[in-house]
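> When you get a sec, could you give me coordinates for this:
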Amino acid sequence: MAQRNRSTESRRNDDWSVHTSKERYVAGMVLSGAGDALGFKNGDWENCTSGAQIHKELNSLGGLENICVKNWIVSDDTVMHLATAEALIQNKSCQDKENLYSLLAQAYKDSMSDMKGRAAGLTCMEMCKRLDPYKQNGYRIPYSTSGGGCGAAMRSMCIGLRCPRPKDIHDLVEISIESGRMTHHHPTGYLGSLASALFASYAVQNREICSWGVGLLETTRLAKSYVRNKGLFVDENMKDWDYFVSKWEQFLNLRKLNDGRWPPHFSVDFDDVRKRDQFYRMISFENTGGASGHDAPMIAYDALLACNGKWEELCKRAMFHGGDSDSTGTIAGFLFGVLYCFQGVPKCNYKQLEYRERLENAGKKLYGIVFSH
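Numbering: from 1, shown residues only. Presented below is the predicted three-dimensional model:
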């Protein structure tokens, strides 16, 4: 990973788009679904609190290289991620944001009809009922003290594909926040949406991976200004703002990435799944790693830092742990795909993936919108 980081950083220039292929967009979308299906395992592993038990069951199935996801459905994460992507594609332009937000709200409402067996989050379901997409401001919901979950973070990576350039940062901030708070109107929730979208854009840019966390903290300052200027429940938002930021500051301090420079620091025993579970619980909100807006992208990012470009290692850390493993798996799989395409990924992990064609098409169309000009 260190070698890749140095080499990709040396290639960065004003024409970084020459390094971006359509395959990277497709792989990001497809492997987000694969990461979801693997972490979910039809609900069995999402609800398992022991990473050690998951690894034991994985070994009994012949290991990751023998896992065919044909009969492993995707969870609500992929259904809502596709809803986001397809609304972005339908709107095409980032200029007509009111239309985009109406399309997103309608897509989220429509996605609720495809949640059988997918363990849809209660917050998403309840808030989608409140959305009135084609009424003025009907995509907005009131502030919610219980809106800090990961339901916005797990569906927003494709926003980074739509707004991948450094010059797109204001659009990325606005769209990720507004789409996020359609169901999760709490900074811990919608800043998770921002984190996933931002990391996706960094992956497209080939930005040095160890600098992503610092970049996120810098971008939260733009986000704070946006929320203040928008004028919606400002006092409530500002009161709860610091939790997300402080958690990320603590995490970067633990990994010794405060300056955004390689290498991250991992303790020797972090290869032990039990120790990872313990760590994920420690950084979580209510003892379930990956269930909140701050730690779902955090765990995915942590796994990406440690995997050295190896799919199996990423899965061990992001998809197979005793927490919200489908959400962290969705985000991690996406980021891996954009960085490494399908390198080292067993075809059985994605070839017969549910909604694979829709995911592929979304990646191709988003690429076409961004790079056709």
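> in the chain, what spans have low per-residue confidence?
1-19, 373 (pLDDT under 70).
> ok, the residue positioned nearest the centre of it - contacts?
In the chain, the C-alpha nearest the mean C-alpha coordinate belongs to Ile331, at 3.5 Å (CA atoms, centre = their mean). Counting by CB atoms under 8 Å, 6 or more residues apart in numbering, Ile331 touches Ser32, Gly35, Ala153, Met154, Met157, Ser196, Phe199, Ala296, Pro297, Ala300, Ala318. For every residue, glycine as well, the C-beta is placed using N, CA and C.
> can we see that at 6 Å?
Ile331 makes contact with Ser196, Pro297, Ala300, according to CB atoms under 6 Å, 6 or more residues apart in numbering.
> what's the nearest residue to Asp132 if we skip its chain neighbours?
Of all residues not flanking Asp132 in the chain, Gly138 sits nearest, at 3.3 Å (CB to CB, 6 or more residues apart in numbering).
> What is the burial count for the one you found?
15 (other CB atoms under 10 Å).
> sec struct for the residue nearest to the centre of the chain, please.
Following DSSP: H, G, I helix; E, B strand; the rest coil, Ile331 is assigned to helix.
> Which phi and psi values does the residue lying closest to Arg162 once chain neighbours are set aside adopt?
Spatially, and ignoring its direct neighbours in sequence, Arg162 is nearest to Leu88 (4.8 Å; CB to CB, 6+ apart). Dihedral pair for Leu88: phi -60, psi -40, per degrees, to the nearest 10.
> got it, and Gly149?
phi -70, psi -180.
> Could you pull up the residues touching Leu161?
Counting by CB under 6 Å, 6+ apart, Leu161 has contacts Tyr25, Leu366.
> cutoff 7 Å now
The contact partners of Leu161, by CB atoms under 7 Å, 6 or more residues apart in numbering, come to Tyr25, Gly28, Ala200, Val204, Leu366.
> and it, what element?
Assigned by DSSP states H and E, Leu161 belongs to helix 157-162.
> how distant is that helix from the center of its chain?
In terms of CA atoms, centre = their mean, to the nearest Å, the centre of helix 157-162 is found 10 Å from the chain centre.
> Spit out the contact partners of Cys124.
Contacts of Cys124 by CB under 7 Å, 6+ apart are Asp76, Met80, Gly151, Thr183.
> now do 6 Å
Gly151, Thr183.
> Tell me the secondary structure at it.
Assignment for Cys124 (three-state DSSP): helix.
> I'm done for today, thanks for sticking with me.
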